[in-house]
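Asker: for reference, the sequence and a predicted model appear below.
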Amino acid sequence: MRTTSRLLLGVFIGMLLGLLFGWVIRPVEYVDTAPEALREDFRSDYVLMVAEAYIVDRDLELARYKLASLGSHPPLNYVIDAIDFGVENGFNKIDLQTLNLLAVDLRSIPPAPEIGLQ
């Protein structure tokens, strides 16, 4: 019985020290995280900011470049996902219209041809 209680006390103290070290002494700090690692709500906000910038400067290539930093999917997919998220979470009408304008303009660009190996 005495050995079991020492073991449990040791495990408890070890876990407590591990948590103290990991959360207080040397917590993880994220620096220069890739945009593709964003949560859905932050990713939608990022897409909205790109759309708002696009409304001002009308540079579709720059908007596509910024959206491409979110990952390997076509930029239009990220805008559509942001619109869906905005509808579900109560984005205001102006924000949804801004996203929609960017989506319409992105649809006007023909898709890049597939490269096939023969």
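Answerer: Yep, it's here. Numbering: from 1, shown residues only.
Asker: return the distance of the spatially most central residue of the chain relative to G18.
Answerer: When Cα atoms, centre = their mean is applied to the chain, the residue found nearest the centroid is L38 (2.3 Å). Separation of L38 from G18 (Cβ to Cβ, to the nearest Å) stands at 29 Å. In this view, the C-beta of every residue, glycine as well, is placed from N, C-alpha and C.
Asker: which residues does the residue nearest to the centre of the chain contact?
Answerer: 46, 70 (Cβ atoms under 8 Å, 6 or more residues apart in numbering).
Asker: for it, give its distance to E29.
Answerer: Per Cβ to Cβ, L38 is found 17 Å from E29.
Asker: which stretches of the chain have low pLDDT?
Answerer: Within the chain, the segments meeting pLDDT under 70 span 1, 111-118.
Asker: would you map the helices across it?
Answerer: Taking DSSP state H as the criterion, the chain carries its helices at 2-20, 40-57, 60-68, 75-88, 93-107.
Asker: what's the most buried one of the ones you listed?
Answerer: Mean neighbour counts were compared across those using mean count of other Cβ atoms under 10 Å; the top stretch is helix 75-88, at a mean of 19.
Asker: in CSV, list the C-alpha atoms belonging to that one.
Answerer: Taking C-alpha atoms only, helix 75-88 is exported to CSV below (Å, rounded to 0.1, in the frame of the first residue of the first chain):
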residue,chain,number,x,y,z
PRO,A,75,-8.8,30.7,-54.5
LEU,A,76,-12.5,30.7,-55.4
ASN,A,77,-13.1,27.8,-53.1
TYR,A,78,-11.8,29.8,-50.1
VAL,A,79,-14.2,32.7,-51.0
ILE,A,80,-17.1,30.3,-51.3
ASP,A,81,-16.3,28.7,-47.9
ALA,A,82,-16.1,32.2,-46.4
ILE,A,83,-19.5,33.1,-47.8
ASP,A,84,-21.0,29.9,-46.4
PHE,A,85,-19.4,30.7,-43.0
GLY,A,86,-20.6,34.3,-43.2
VAL,A,87,-24.2,33.2,-43.9
GLU,A,88,-24.1,30.7,-41.0
